[in-house]
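[1] Turn this into a model:
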Amino acid sequence: MLNLVFYTDNTLKAEPYTTPEIIASNTGNNLDNVNRLIRNKKNSLERFGFLGFEIRKINGRGRPRKIYHLNEQQATLLITFLDNTPQVELFKVALVKQFYEMRDELNKRNLNRAIEKPIKKSKIANSIFIQTLSSNIRL
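    From the prediction side, this is the model:
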C-alpha cells in the first residue's frame, strides 16, 4: 500500500497531512492543476486550518517548489472539487482510510508516551516531604 498520509514531526502535537503530489499522482491529475486548484480555493481550505507548506528542491536541482501540507479536512475538501472518476473515487476511499489509521497511530503513540512519562522530581520531593511531615506529627 502506498503511503498517502504523513505526519509533521515526532512530537506529541504531530498532525497528519498529505501533499498535492500524492493527490495528483493518485487521481490522474496534473500536479500543476492540483496546485492551481489549491491556490484558487485557498480561502475555503483555510477555513479548516492553516494551509502549511514547505519549500523544497526537487531531486536537488532546479528551482525550489512550494509543497503544501493539507490536513485531513483540507484534503477531503480539495478532492471534492475534483471530477468523480473511478480513479478519484478509489483514491478518496484510500485517503480517508489512511487518515483514520494515521490518527489512530498518533493517538496510540501519545498514549504510550504519557504512560512511560517519568514523574517529575518535584512531585517525588513533595510526596517525600509530606510523608516525613506526617510521620513527625504522629510522634
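[2] And the host helix or strand of Asn112, what's buried?
    Assigning secondary structure by DSSP states H and E places Asn112 in helix 86-116. By neighbour count with 16 or more other CB atoms under 10 Å, helix 86-116 contains the buried residues Val88, Phe91, Lys92, Leu95, Val96, Gln98, Phe99, Met102, Leu106. C-beta here means a position set from N, CA and C on the backbone, and glycine is covered the same way.
[3] just stretch 44-59 next, same as before
    Residues Leu45, Phe48, Leu51 are the ones in stretch 44-59 that count as buried (16+ other CB under 10 Å).
[4] What is the neighbour count of the residue nearest to Ile38 when sequence neighbours are not counted?
    Nearest non-adjacent residue to Ile38, counting by CB to CB, 6 or more residues apart in numbering: Tyr68, 5.5 Å away. By the other CB atoms under 10 Å criterion, the neighbourhood of Tyr68 contains 23 residues.
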